[in-house]
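**Student:** Have a look; sequence and predicted model below, questions after that.
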Amino acid sequence: MALSYFPSAARLGSPQPIVESSPKQHLNEGVQEAYLEHKTRLLQALDSTKSILSDLRKFNKDAWVVRYPQLRERTPASEPASSSHRNILRRSLSFPDDPTFEAEVIVRPAKAGLTRSVTLATIADKEEGQALPAEEDGDRLVSPEEASDFHVFRLDLKLGAHGSSSSPAALVAQLEKSSIANLLDDRILNAVNHLDKLRSRVEDTSSKVLVTGDLNAGKSTFVNALLRREVMPVDQQPCTTAFCEVHDASENGGKEELHILKEGVPYSVNDESTFTRASLSDLDTIVSENENDSQILKVYLTDPRDPQASLLSNGIVDISLIDAPGLNRDNTHTTRVFARQEEIDVVVFVVSAENHFTLSAKEFLMNASHEKAYLFIVVNKYEQIRDKAKCRRRVLEQIKQLSPRTYEDAEDLVHFVDSQQALHEDTPSFSNLESALRSFVLVKRSKSKLAPASTYLTKLLSDVDLLVGTNAIVAQTELDRALNDLQRVRPVLEKMKNGQEILEETLESVEDHGASRTRMRTKEILTDAVERVGQGKLGVDLPSITLPSYPGLLGIWDYVREVRRTLLLSLDAAVKLAEDEARVVTTEAVNKISQLGDEHLPEGAERSKRVFMPEAMFSVRAGKKGNRKSRLSSGAVVAGGMYGLGIGLAQRPDMLETTFFDLFDVHHQFWVHFGDDKSEHAEDMAVSTLGYASVGLGALTMVGGKTLGARGLLEGIVRIWDLFENETARKWAAPVLGAITIGLAAYFVIELPSTVPRTVGRRIKASLVKEGEELGEESSFIGAHAARVSRETRKVLRLASWDIKALFRAAMEEHSREVHGAEEMEKRAKRALEWFREVARRASEVRESVVLASAA
């Protein structure tokens, strides 16, 4: 299995006796075993991390919108004294898509076995009271400052100047959650793709060494010094514009030559259609003639040196040295160098001792340090510096800021040399550099080839830990909110469900009671009014309605007509009185319904906006022309009229018609004196002059016709003349005429003013009773008005009840939706919380395997 990591020796067909007979044989075997173990663990960690990211993307898409957190430093004044622990940072957690959310959290840098690096401050403060194990900074995989920010998942949401409402930064805050989630998903997808590249690099037995730096830093001279040959073009002016990849000639069948790769075609050394052959002597010409073209050149060389001294022909690992264009030549070349570093195992950064690190160099090293914790740095042209100690100090200070791990191992990774001098003669500094580079690339392959993948995984898992930790806080917050909502709303909903039937029954009871009460009260009022009218009294006592005064015998007919109209008006007034009492009863019932609504509707539910106006009851509906008229606006009292048709009794022609019987009701007098009910009316008809007058008037009825009127008078005279022709009649004529004369005189002078109201009232009552007998109880004067008033009351109460029922149903539906939404949120939040915790556990296991692999 170890033989597969020695491809050059196998291809050359000759074993390496130096390696096999060397006393370092057992040491090399131990290093290779550790490397293989590290590699196996790292490949498993890469696969596990890729699975976690894939599950995270799926969960983000299907189940829960993963939120992108922002952690801001708190002001020193707000830092409590208890948070002075050096490895604990208090941060203010917020989200760009939800400015209203803010929570104080504690950030602990991730370490092996730690499942969460972000905790709510309230929880962390409780835990601070417990004894915490001592933690050394070396136990941490990332620093406390780095743990509070993203490395791989970082989104640049600060697109504009802060404080400007029209800046892009202000617009980002208005993005939907899904929009930022999509941006985050793209970043996670990029990480997944990069994991695939890392896996390919880890599985690849060869190592790619990228030599890059600023313009005129001496990169090509450094490569030539490593090869001990002047192969790469060198000039005072920048001349390297292509990527020149130097390989051992054994990979090309032992031939030294130049392959010019064709753009867009995958390269294969065995397929000449993918490249163009050229001689090594043409390299200078090809590079200079294509200075503005972006080319990739494969340079195959033979290194005659012993494998123990050669980096290229080391007999252990296939090595490719890539001489890259200068970083600050132009943006295009710089971008290409940035892109290539992702497929590189080792970065050898050449910096000029004269210029130190430029802005482009710092940017490249910062970007490379995200993945490669260890960089091999060559400070070239060092021998030309006069104050070497000052130069060394300043360069190391800059390296400490750009790549802390490189600074920690500066003795092996940072070298101060002069490549031009080393090209012509051996120098101790360059020999040390070669030895350190061989050791870094060949012997310490776990650090040079596998450490970049481990570093990237560590920071990626730190991002995952931060992401799932903050989203677990969101899920817990949503869960608490859902539980609080359920605790608040569910009892209200249950109470409403239990009280719905009671409310509806109570409303129906109030409605029935109000309608029944107004019906009975209307009947009482109208029955009493009719009885009073039958006795010759007004139906109701009102100052505005009085019986007319007797005008004398000459105005007797108008007097009778006015009495009839007044009595009918009093009945209409009784109807209006019944309606007024119905308004009072209805108002009480409406208030009762409103109280029921206040009792049964939950707090915060909408109340009825309808305003009850009692005066609007019993109003006349719109006519044919659409004009609405109210009885209140007219002078006459209508009060239901033809039992709801808008015509009162005092306006009905049939009820206003006046006859002789309004002066004397013969039928009534006959039944009083001779009928079965004589005794019942005896007290009203005591023997008086009216008795005698009635006899005379009875006699007149035999003549027929009306006593008043020319025609009736002539007919009476003719009949009387016929009677007087009879001798017997002549004997009785004098007494009869005397009695009639006396009776009429007594009736018209004494009894008529008080008798007419009783007679007219009695006839009105009889008419109403007869009408009720013909039409039925429900269509009678009293029954029809009672039904109409009751119906109007029921209509108002039913409308008020419907409002309460509708509001109650709406409130119950709203609470049902709220409960359903809270239950769904509870399920989603619980699932998300469990899922995030599970992901944190999985990430912790992967992180632990990465740490163990790094320690192997």
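**Tutor:** Ah, there it is.

**Student:** So which residues of the chain form strands?
**Tutor:** Counting by DSSP state E, the chain forms strands over residues 70-73, 89-95, 98-107, 118-120, 207-213, 243-248, 257-261, 275-278, 296-301, 319-323, 346-352, 376-380, 414-416, given from the N-terminal end onward.

**Student:** What residues of the longest one count as buried?
**Tutor:** Put plainly, it is strand 98-107. For strand 98-107, the buried set under the neighbour-count rule, 16 or more other Cβ atoms under 10 Å, comprises 103-107. To be clear about C-beta, it is placed using only N, CA and C from the backbone, and glycine gets the same treatment.

**Student:** Run me through the strand neighbours of it, direction for each.
**Tutor:** Sheet neighbours of strand 98-107, with direction, are listed as strand 89-95 (antiparallel), strand 118-120 (antiparallel) (DSSP bridges).

**Student:** Repeat that for the last one.
**Tutor:** As defined by DSSP bridges, the strand partners of strand 414-416 come to strand 376-380 (parallel).

**Student:** Likewise for the fifth one?
**Tutor:** The strands that strand 207-213 pairs with in its sheet are strand 319-323 (parallel), strand 346-352 (parallel) (by DSSP bridges).

**Student:** looking at these, which is closest to L768?
**Tutor:** Distances from L768 to each of the strands paired with strand 207-213 were compared using Cβ to Cβ; the minimum, 116.0 Å, belongs to strand 346-352.

**Student:** one step back: could you single out the nearest of the buried residues of strand 98-107 to V464?
**Tutor:** Compare each of the buried residues of strand 98-107 with V464 using Cβ to Cβ and the shortest gap goes to V107, at 14.7 Å.

**Student:** What's the separation between the nearest residue to R837 once chain neighbours are set aside and R841?
**Tutor:** Computed as Cβ to Cβ, 6 or more residues apart in numbering, the closest residue to R837 that is not its neighbour in sequence is A472, at 6.4 Å. Look at A472 and R841: by Cβ to Cβ, to the nearest Å, they are 12 Å apart.

**Student:** mind showing which ranges of the stretch 551-700 of the chain have poor pLDDT?
**Tutor:** Judged by pLDDT under 70, the stretch 551-700 of the chain has its weakly predicted residues at 620-647, 660, 662-700.

**Student:** before we move on, back to that, what's the neighbour count on the residue nearest to R837?
**Tutor:** A472: 23 surrounding residues under other Cβ atoms under 10 Å.

**Student:** ditto for T522
**Tutor:** Residues lying near T522 (other Cβ under 10 Å) number 28.

**Student:** Report the contact partners of it.
**Tutor:** For T522, the contacting residues are 578, 581-582, 782, 785-786, 789-790, taking Cβ atoms under 8 Å, 6 or more residues apart in numbering as the criterion.

**Student:** Chain neighbours aside, what residue packs nearest to A582?
**Tutor:** By the measure of Cβ to Cβ, 6+ apart, the closest residue to A582 outside its immediate chain neighbours is T518, 4.2 Å from it.

**Student:** didn't that neighbour look like it was pressed against T586?
**Tutor:** Yes: if you go by Cβ atoms under 8 Å, T518 and T586 touch, sitting 7.1 Å apart.

**Student:** Which one's more surrounded, the two?
**Tutor:** The neighbour comparison of T518 against T586 (other Cβ under 10 Å) goes to T518, with 28 against 25.

**Student:** Let me see the contact set for the more buried one.
**Tutor:** 578, 581-582, 585-586, 789-790, 793.

**Student:** In a markdown table: the residues you listed, plus distance to R90.
**Tutor:** Below are the contacts of T518 laid out as a markdown table (distance: Cβ to Cβ, whole Å):
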| residue | distance to R90 |
| --- | --- |
| A578 | 78 |
| E581 | 74 |
| A582 | 72 |
| V585 | 69 |
| T586 | 66 |
| V789 | 75 |
| S790 | 74 |
| T793 | 69 |
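
**Student:** which of the residues you listed lies closest to L261?
**Tutor:** After measuring these against L261 - Cβ to Cβ - the closest member comes out as T586, at 97.3 Å.

**Student:** Tell me how far E272 lies from L280.
**Tutor:** Taking Cβ to Cβ as the measure, E272 and L280 are separated by 18 Å.

**Student:** Who has more neighbours out of these two?
**Tutor:** Taking other Cβ under 10 Å, E272 and L280 do not tie; L280 has more neighbours (14 against 10).

**Student:** which residues touch that one?
**Tutor:** 231, 256-258, 299, 301.

**Student:** what about S429, how many neighbours?
**Tutor:** Using other Cβ under 10 Å as the criterion, the residues surrounding S429 number 14.

**Student:** Distance of R847 relative to K197?
**Tutor:** With distances defined as Cβ to Cβ, the gap from R847 to K197 amounts to 21 Å.

**Student:** quick one, which of these two is more surrounded?
**Tutor:** More neighbours sit around R847 than around the other of R847 and K197, counting by other Cβ under 10 Å; the figures are 26 against 13.

**Student:** Just to check, that one is in contact with D463?
**Tutor:** No: in this structure R847 lies outside contact range of D463 using Cβ under 8 Å: 11.6 Å.

**Student:** Return the distance of the residue nearest to T358 when sequence neighbours are not counted relative to S801.
**Tutor:** The shortest distance from T358 to any residue other than its chain neighbours is 5.2 Å, reached at D214 (Cβ to Cβ, 6+ apart). D214 sits 87 Å away from S801, taking Cβ to Cβ as the criterion.

**Student:** any idea how far the longest helix belonging to the chain is from the chain center?
**Tutor:** Secondary structure assigned by DSSP state H gives helix 451-534 as the longest helix of the chain. Centre-to-centre, helix 451-534 and its host chain are 18 Å apart (Cα atoms, centre = their mean, to the nearest Å).

**Student:** Just give me the neighbour total for W802.
**Tutor:** Other residues near W802 number 13, with proximity taken as other Cβ under 10 Å.

**Student:** cool, and Y68?
**Tutor:** Neighbour count for Y68, taken as other Cβ under 10 Å: 23.

**Student:** Now do it, the pLDDT please.
**Tutor:** Among the per-residue scores, Y68 holds a pLDDT of 88.

**Student:** Could you pull up the residues touching it?
**Tutor:** Here Y68 is in contact with 95-97, 153, 155, 157, 180-181, 183-184, 467 (criterion: Cβ under 8 Å, 6+ apart).

**Student:** Quick one: those residues as CSV, columns for distance to G552 and neighbour count too.
**Tutor:** Written out in CSV, the entries for these read as follows (distance: Cβ to Cβ, whole Å; neighbours: other Cβ atoms under 10 Å):
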residue, distance to G552, neighbour count
F95, 101, 19
P96, 103, 21
D97, 99, 20
F153, 114, 20
L155, 110, 15
L157, 107, 17
I180, 103, 21
A181, 104, 19
L183, 108, 18
L184, 109, 21
L467, 111, 25
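
**Student:** List just the nearest of those to G776.
**Tutor:** Here the nearest of the contacts of Y68 to G776, counting by Cβ to Cβ, is D97; it sits at 74.5 Å.

**Student:** From what I see, the closest one and I180 are in contact.
**Tutor:** Yes: D97 is in contact with I180 according to Cβ under 8 Å; the separation is 5.1 Å.

**Student:** between those two, what contacts are shared?
**Tutor:** Common neighbours of D97 and I180 are listed as 67-68 (criterion: Cβ under 8 Å, 6+ apart).

**Student:** For stretch 493-513, which residues meet the burial criterion?
**Tutor:** Within stretch 493-513, the residues scored as buried using 16+ other Cβ under 10 Å are 493, 496, 503, 506-507, 510-511.
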